[in-house]
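S.K.: What would the 3D arrangement of this be:
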Amino acid sequence: MATPVPRPPKTRAARIVLAIAVLNFVILLFPPLTWIVGQGGVWFFLVTGVLGVLSLLVMYRVDASAEED
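M.R.: You can find the predicted model right below:
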C-alpha cells in the first residue's frame, strides 16, 4: 500500500515555520559553511546554536499565534 504524498502547508503560519526550519537545516547542517569559517569555527557553532534556539522560539510564537486566530 502506497502512502500519500505530503501536501504543502496551507496556512501562512505553517509556511513561515517550514521556511525557518529549512533555513535552520541549511545553516546548521551545511558543512562547507564550517569549512569556510575555518579558524573561527567555535564562533560559528556558538552563533548557529543561538540562531537555532532563537528560531525555535520564533516558530513556537508563530504557531501559537496561528492557533489563536
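
S.K.: and Thr3, helix, strand or coil?
M.R.: In three-state terms, and counting by DSSP: H, G, I helix; E, B strand; the rest coil, Thr3 is coil.

S.K.: Val22 versus that one, what's the distance?
M.R.: Distance, Thr3 to Val22, using C-beta to C-beta, to the nearest Å: 22 Å. Yep, even glycine has a C-beta here, placed from its N, CA and C like the rest.

S.K.: And the two? Which one has more around it.
M.R.: Between Thr3 and Val22, counting by other C-beta atoms under 10 Å, Val22 is the more crowded of the two (10 against 5).

S.K.: for the more buried one, what are its contacts?
M.R.: By C-beta atoms under 8 Å, 6 or more residues apart in numbering, the contact set of Val22 is empty.

S.K.: Which elements pack onto the helix or strand of the chain with the lowest mean pLDDT?
M.R.: Each helix and strand of the chain was given a mean pLDDT (mean pLDDT, DSSP states H and E); the minimum falls on helix 31-37 at a mean of 74. Counting by 3 or more C-beta pairs under 8 Å, 6 or more residues apart in numbering; DSSP states H and E, the packing neighbours recorded for helix 31-37 are helix 41-68.
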